[in-house]
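Student: next comes the sequence, and after it the predicted model I'd like to discuss.
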Amino acid sequence: MLAPHLPMLQVVVPLLMAPFVVLLRPRGLAWAAATMASLMAFAIAIVLALSVVGDATLTYRVGGWMAPYGIELRVDAFGALLLLVITGASSMALLGGQRSLERALPPTREPYYFSAWLLALTGFVGIAVSADAFNIFVFMEVSSLASYVLIAGGPDRRALSAVFKYLIMGTVGATFYLVGIGLVYMMTGTLNLADMAGRIEAVADTRPMIVAAGFITVGLALKAAIFPLHIWLPNAYAYAPHVTTAFLAACATKVALYVLLRFDFLILQQHLSGHAFQFAGYLMPLAVLGILVGSGVAMFERDLKRLLAFSSVAQIGYMLLGASLVSVSGLHAAILHMFNHALAKGGLFLAVAAFAAVTSGWRLEQIGGIARTMPWTFAAFVVCGLSLIGVPGTAGFLSKWYLVTAALEHGALGIALVCVILLSSLMAVAYVWRMVESACFAPDFDAETDADSTPNRDFAAFSHLLPTILWIVALANLYFGLANALPLELAKSAARTLLGGLP
Amino acid sequence: MDILGLYHYWVFAVLLMTGFYAIVAKPNLIKKLIGLSLFQSAVFLCYITFGKLAGGTAPIVGKGAELFSSPLPQVLILTAIVVSISTTALGLALVLRIKEAYGSIEEDEIQEQDAP
Amino acid sequence: MSTITLLFSIFLLTLLMITTMAIVRTRNLFVAVMLMGIASLLIAASFFLLDAADVALTEAAVGAGISTVLFLGALALTSERERSPSSLPLLSLGIVAIVALIVIYATFDQPPLGSPSAPVQAHLTPWYIESTRELIDIPNVVTAVLASFRGYDTLGEVIVVFTAGVGVLFLLGTGASASAAGAPLSEDNAGLRHYLIPRILGRLLIPFILLLGFYVQFHGEYSPGGGFQAGAIVAASIILYSLLEGEQRALLVIPQGVLLAMMVGGVLLYGAVGVAGLVLGGNFLDYSVLDSDPVKGQQWGILLIEIGIGITVAGVLISIFHAFASRGAA
Amino acid sequence: MNIAIDIASWVLLTLGGVNLLIGGIGVLRMPDFYTRMHAASLTDSMGAILVILGIMLQAGLSLATVKLGAILAFLLLTSPTAANALAVSALLAGMKPRTGDAVQRTNHEADA
């Protein structure tokens, strides 16, 4: 009986749990409720993913109203893959992060934090399932406001200034998007994405449409932290509570990228003449610059979390590069990389959360000798790191392989792109090695000699759940590197849908 | 008449960019939030303008009127206004915390303090 | 729109542009906030001329009311003057000018104001007006679209408000500890004790403001208004009360726990109506299954969710006000 | 009869408009805070009251008139109160009314 309602329940479950969580005062209860809701959402996402394999699309009419008049939900392969990433990241981070969060948050604030977590989850899944341009805006704001709260929970005061910057840039991005869909709505009279795609042809080359395409792309690029607009990201990720970072790094920017790709390919691409060229022409250089600059900065960054954040900027570049090839194989690689990168980066940040339970900080010299203190956690960290580099046998390898194959279809340009990918992979080797080096070979960090850190060997704060979860993620990195039928199939079908118009 | 009919959109463009200027050029955090609200108000104006129908009335049926301006942009903007005030409230709360933590609400002074 | 109205609207918009320029230019933030209130009223008046009565009401309540109160609360705790910048940001000015020109360039292909053949008027609008008559049978089409046809967006809107409330409480604390509920009322914190006349008059007005709030809440199906505006008005009356009588007394009237329950209760009421639709065999937020007569069901659903919106909005806005005010007291 | 009402209403509206204008000029031209408040009170009292009365005559016996009446009552209560609150807080903040030769000085401040 519930099966047809699953796309809706995906949103409703975390949405209705969020207000409940605010009321749960005793310690740990809010966490338990949030985790339960998140796991339920994860289960729903798995069912949805299994039911859309093979180019199926699920739709749902909210309130029973037909599509262009009411709001429609639509889950296709792309959405289902993203739902897996979002709910999976949220569940893993919550399961593993209980102790870490308990330490970071005063008890009176805990219920608000977990409520905000569920609201962020609601926002992300709300965007992923929505097929209505304005509805996407609303849920984008839900997710953004909640993410600001999650990041502001960081212990350092720099979290506050980082969040403020994020708030300003995020709101500007969302408002640009709102201007863009406003102009499209003005010219087509509709907000439903499918209806929009059908009606846009008549007004394809009018000036408002071109300006609208610009506003939408820039607005979403801000949210997705595409290269020159990424400046909010490193600090926001670095000063957030570790578990927040693990969650947001795995899905926040990808959701914006998802909307960008859907808008550009399903609606603008096929109907505006020359738009395919513009999309590739503007975004490919940005993608390449993002890859090189992100990896380059990461090589010299001394703060572990900032290093990983800059590496995220580079990885978003990969996804964008795949998309800017405007071919099925390129999109396929980009979408697959969304999934794989979430696995790798989520795992890495979770490992940082585990390290932080025993170290005094997360600058590279402060994690010195961590490999001896926590060998298992460190091993999982290395596996995720290898996946980030793209070593064969890990999930990260596959998406890079597909990306290289897709690039090679483009002749000389493709070869240049492959060189960029190889160069950046070498850079990734360098920065992953720097982390490994300081963790294995650097002398144990002596907190007493360091002025601005407090000695902190608080093993009590370190639960056994976190390494377990970490290893599940690390093994997933290996598993999806070998037998990755589901994400591969979903990504392929998503790429076909994006390039083939709406089914 | 046609030019007059576009005036609303020009005001939208000017307002949008005035707000945006305050966001990017002013170092004061409260001023940035003020700019942000202006920036969003401009978008509201744009939506409401294209919902207007010549000779129409407010979309409340049953007063004998037959032509109505479009209700949909109004609904969207009602939602957007609420989103805007929510963002402002959260932003101001952040500003208060920043003031307590840094003793300043000027962006450059905060950056100086953050620099290692 | 007759020519006179059009000219008047153009006049208002010109004033609006001048006001915004002044807002950006002034170095005194207090002045800027006051001018923001004026700008909001000008925008609200323009909305009214553009047939958007509901939006005008909201903009006036939010822009000139709530947002001014919040900005003033923040200014009281920070500083009123903006430091002068080191140099004129020519780069920003350039970018801004270019983008403005691009947007203006785009307007020349747009359907001009009020054109009946514009897609916005031709595509969905007739259906909404027809269906509101047939399927929902309430006069205010805006309420029908807001609460039923696009009720999911409105649920999202309530969630945004709720998120803001959660966020502010997370960042600033509830304020209950700072003003120590139960402690004897101190003279210092007793509101406007130097201001006898405003205090007496304010007490006189509060019941009427509340009455207006309830009118706007329950008359929203017939005339402009609805849950959000009503929530804002009710919150304004409580905020007025705490300005007059002091934080602590206001918290005695509506304690923090009740405010939190309002925030949560409104969202849950909205959600429960949605789930009820699902349980009774319809889709989520399908109100027509709530009653044997689908039209009645729609009306019930709209009534209930509007109440939910009102409760949440009032709860969140009052909580945010207390959170800001208690920071000042602490 | 209709013409009489029309004429009366327009007379009221015009007078109200004139009062508003004078009040506006006064706010700009008066030398200090308290005299400016005095000028501003003109817009609140005579200006607004006359305009609303004029519109009430236009509206005739309808719901609109009742609403206008409510607005009028509200205005009569709030604007003197607001003026009082403003003046009291100015006084408490230490702002002294300017008298005599001080006028010259305030003119400079007003320009600055």
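Tutor: Received the coordinates, thanks. Note that the coordinates shown come from a computational prediction; the quantities given were computed from them, not determined experimentally.
Student: surely A:Gly481 and A:Thr394 touch.
Tutor: Yes. Using CB atoms under 8 Å, A:Gly481 is in contact with A:Thr394, at 4.2 Å. Quick note: C-beta positions are derived from backbone N, CA and C, even for glycine.
Student: regarding chain D, what is its longest helix?
Tutor: When chain D is parsed with DSSP state H, its longest helix is helix D:63-92.
Student: swap in chain B?
Tutor: Longest helix of chain B, by residue count under DSSP H: helix B:71-102.
Student: enumerate the positions of it that are buried.
Tutor: B:71-99, B:101-102 (16 or more other CB atoms under 10 Å in any protein chain shown).
Student: show me what the helix or strand that it is followed by is packed up against.
Tutor: The helix or strand immediately downstream of helix B:71-102 is helix B:107-114, counting by DSSP states H and E. Counting contacts by 3 or more CB pairs under 8 Å, 6 or more residues apart in numbering or on different chains; DSSP states H and E, helix B:107-114 packs against helix A:158-188, helix B:71-102.
Student: find the centremost residue of chain D, please.
Tutor: By CA atoms, centre = their mean, chain D has its centre lying nearest to D:Thr43, at 1.8 Å.
Student: for it, which non-adjacent residue is closest in space?
Tutor: Once flanking residues are discounted, D:Thr43 sits nearest to D:Gly23: 3.6 Å by CB to CB, 6 or more residues apart in numbering or on different chains.
Student: A:Phe378 versus A:Trp471, what's the distance?
Tutor: Separation of A:Trp471 from A:Phe378 (CB to CB, to the nearest Å): 12 Å.
Student: could you check which of the two has the larger neighbour count?
Tutor: A:Phe378 (22 against 16; other CB atoms under 10 Å in any protein chain shown).
Student: how near is that one to A:Gly347?
Tutor: Counting by CB to CB, the gap from A:Phe378 to A:Gly347 is 12 Å.
Student: quick one: secondary structure of A:Met196?
Tutor: Put simply, A:Met196 is helix when judged by DSSP: H, G, I helix; E, B strand; the rest coil.
Student: so chain C: which segments form each domain?
Tutor: Following automatic domain parsing, chain C resolves into domains at C:1-115, C:124-330.
Student: average pLDDT across the first one?
Tutor: Along domain C:1-115, the predicted confidence averages to a pLDDT of 87.
Student: quick one, strands of the stretch 51-200 of chain A?
Tutor: Taking DSSP state E, counting those that start in this stretch, the strands of the stretch 51-200 of chain A run over residues A:58-61, A:72-75.
Student: the last one and chain C in contact?
Tutor: No. Under the criterion of CB under 8 Å from any CB of the partner chain, strand A:72-75 makes no contact with chain C; the nearest approach is 8.6 Å.
Student: which elements pack onto that strand?
Tutor: Other elements packing on strand A:72-75 under the criterion 3+ CB pairs under 8 Å, 6+ apart are helix A:6-22, strand A:58-61, helix A:110-129, helix A:193-199.
Student: in the chain, what helix or strand scores lowest on average pLDDT?
Tutor: As the question left the chain open, I've gone with chain A. One helix or strand of chain A scores below all others by mean pLDDT, DSSP states H and E: helix A:370-373, with a mean of 78.
Student: meant chain D actually
Tutor: Here the helix or strand of chain D ranked lowest by mean pLDDT, DSSP H and E is helix D:102-111, holding a mean of 50.
Student: so what's the residue nearest the centre of chain A up against?
Tutor: Nearest to the mean C-alpha position of chain A, by CA atoms, centre = their mean, lies A:Cys251 at 2.1 Å. A:Cys251 sits next to A:Leu82, A:Val85, A:Ile86, A:Ala89, A:Ser90, A:Phe124, A:Ala342 when contact means CB atoms under 8 Å, 6 or more residues apart in numbering or on different chains.
Student: wait, which of the residues you listed is closest to A:Val21?
Tutor: Proximity of the contacts of A:Cys251 to A:Val21 was ranked by CB to CB; the top entry is A:Ser90 with 13.4 Å.
Student: quick check: B:Ser69 vs C:Ala147, distance?
Tutor: For B:Ser69, the distance to C:Ala147 - CB to CB - is 19 Å.
Student: show me what counts as buried in stretch C:288-297.
Tutor: Residues C:Ser288, C:Val289, C:Leu290, C:Pro294, C:Gly297 are the ones in stretch C:288-297 that count as buried (16+ other CB under 10 Å).
Student: now those residues in CSV, with distance to B:Pro59, pLDDT and secondary structure?
Tutor: Output for the buried residues of stretch C:288-297, formatted as CSV (distance: CB to CB, whole Å; pLDDT from 0 to 100; DSSP: H, G, I helix; E, B strand; the rest coil):
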residue, distance to B:Pro59, pLDDT, secondary structure
C:Ser288, 21, 86, helix
C:Val289, 26, 87, helix
C:Leu290, 24, 86, helix
C:Pro294, 22, 87, helix
C:Gly297, 22, 89, helix
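Student: can you lay out those residues as CSV showing distance to C:Glu221?
Tutor: What follows is the buried residues of stretch C:288-297, written out as CSV (distance: CB to CB, whole Å):
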residue, distance to C:Glu221
C:Ser288, 16
C:Val289, 20
C:Leu290, 15
C:Pro294, 16
C:Gly297, 14
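Student: from those, pick the one nearest A:Ala428.
Tutor: Closest approach between the buried residues of stretch C:288-297 and A:Ala428, by CB to CB: C:Val289, at 55.0 Å.
Student: my guess is the closest one meets C:Gly281, correct?
Tutor: Yes. If you go by CB under 8 Å, C:Val289 and C:Gly281 touch, sitting 5.7 Å apart.
Student: now do the shared contacts for the two.
Tutor: Contacts common to C:Val289 and C:Gly281, judged by CB under 8 Å, 6+ apart, are absent.
Student: show me what contacts A:Leu413?
Tutor: Per CB under 8 Å, 6+ apart, neighbours of A:Leu413: A:Ala407.
Student: can you tell me the element it falls in?
Tutor: Counting by DSSP H and E, A:Leu413 is part of helix A:411-440.
Student: residue contacts, the residue nearest to the centre of chain D?
Tutor: Listed by CB under 8 Å, 6+ apart, the contact partners of D:Thr43 are D:Asn19, D:Leu20, D:Gly23, D:Gly24.
Student: let me see the confidence value for the third one.
Tutor: Confidence per residue is given as pLDDT, and for D:Gly23 that number is 90.
Student: so C:Leu41 touches C:Gly65, yeah?
Tutor: No. C:Leu41 sits out of contact with C:Gly65 when judged by CB under 8 Å, with a separation of 10.2 Å.
Student: ok, A:Met338 to chain B distance?
Tutor: Noted for A:Met338: a distance of 27 Å to chain B, by CB to the nearest CB, to the nearest Å.
Student: any idea how far the residue most central in space within chain B is from chain C?
Tutor: Centroid-nearest residue in chain B, with CA atoms, centre = their mean: B:Gln40, separated by 1.8 Å. B:Gln40 is 10 Å from chain C, where distance means CB to the nearest CB.
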